[in-house]
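Visitor: let me see the structure of the following:
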Amino acid sequence: MSLAAGRRAVGKLSPSTTALLVCDVQERFRPLIHKMETVINTTKFLTSTAKELDVPIVATQQYTKVFGPTISEAFADPGDVGTKVPVFEKKKFSMLTDECSAHLTSLGRSSYLLVGIEAHVCLQQTVLDLLEEGHDVHIITDGASSQQKYDREMALQRMESAGAWLTTAQSAAFMLMGSAEHPKFKAVSQLVKDHMALPNEFNE
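Guide: Okay, the predicted model is just below:
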């Protein structure tokens, strides 16, 4: 077995092989999604971490005319949205439109972290598409939700059964660094501290 195959088998993460996907974290959904404020806070933490670690970020918006723009405070720097962070418009449920798929191919990444909504629709279909293509997929459970709690729970089970890894934002951040000797350890540790000061509704 090759080293790469072994790494895929246990779901390790490295900044050089990972991308962060932000699925449809849009304004219209803010009052509708179960524990949405935690999803927003977690997304901001991970986009901040990704920026520190040079992990590319890709976002989608579902039918923007109806559901509105991406929530700006879900990003480390709102000015990055649509500039440094490409945002792909879609009506397809999966993030993997032709345009977004072409961009992901150009990044050459084999592992994907996913946050966003809804867990049982757009997130799940994206995960299944990525798994079918042979990628490692890591669902950030404190950054993924649906309108209904039960839909979220069933979607997480479905995605895990299909081969996705369930993890948390902090777990993913520390795995990406790998060591306290990482040059960005101090910066990311401060992000962790700030994130932990916010309420995590999924702890309830």
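
Visitor: low pLDDT regions in this structure?
Guide: The model of the chain has pLDDT under 70 over residues 1-8.

Visitor: and the longest helix seen in it, what does it pack onto?
Guide: Counting by DSSP state H, the longest helix found in the chain is helix 36-52. For helix 36-52, the packing partners by 3 or more Cβ pairs under 8 Å, 6 or more residues apart in numbering; DSSP states H and E come out as strand 18-23, strand 57-62, strand 111-117, strand 136-145, helix 169-177, helix 185-196. For glycine as for every other residue, the C-beta is placed from the backbone atoms N, C-alpha and C.

Visitor: restrict that helix to CA atoms and write it as PDB.
Guide: Provided in PDB are the C-alpha atoms of helix 36-52 (Å, rounded to 0.1, in the frame of the first residue of the first chain):
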ATOM      1  CA  MET A  36     -27.300  28.700  12.600                       C
ATOM      2  CA  GLU A  37     -25.300  31.200  14.700                       C
ATOM      3  CA  THR A  38     -22.900  28.300  15.700                       C
ATOM      4  CA  VAL A  39     -22.600  27.400  12.000                       C
ATOM      5  CA  ILE A  40     -21.700  31.000  11.200                       C
ATOM      6  CA  ASN A  41     -19.200  31.200  14.000                       C
ATOM      7  CA  THR A  42     -17.600  27.900  13.100                       C
ATOM      8  CA  THR A  43     -17.400  28.900   9.500                       C
ATOM      9  CA  LYS A  44     -15.600  32.100  10.400                       C
ATOM     10  CA  PHE A  45     -13.200  30.100  12.600                       C
ATOM     11  CA  LEU A  46     -12.400  27.700   9.800                       C
ATOM     12  CA  THR A  47     -12.000  30.400   7.100                       C
ATOM     13  CA  SER A  48      -9.700  32.300   9.400                       C
ATOM     14  CA  THR A  49      -7.700  29.100  10.100                       C
ATOM     15  CA  ALA A  50      -7.600  28.200   6.400                       C
ATOM     16  CA  LYS A  51      -6.300  31.700   5.600                       C
ATOM     17  CA  GLU A  52      -3.500  31.400   8.100                       C
END
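
Visitor: what angle do it and strand 57-62 make?
Guide: Per axes from the mean of the first three to the mean of the last three Cα atoms, to 10 degrees, the angle that helix 36-52 makes with strand 57-62 is 140 degrees.

Visitor: ok, now which ones touch the residue lying closest to Ala172 once chain neighbours are set aside?
Guide: Nearest non-adjacent residue to Ala172, counting by Cβ to Cβ, 6 or more residues apart in numbering: Leu113, 5.7 Å away. Contact analysis of Leu113 by Cβ atoms under 8 Å, 6 or more residues apart in numbering lists 13, 18-21, 46, 50, 55, 138, 140, 172.

Visitor: how about Ala59?
Guide: Ala59 makes contact with 21-23, 25, 70, 81, 85-88 under the criterion Cβ under 8 Å, 6+ apart.
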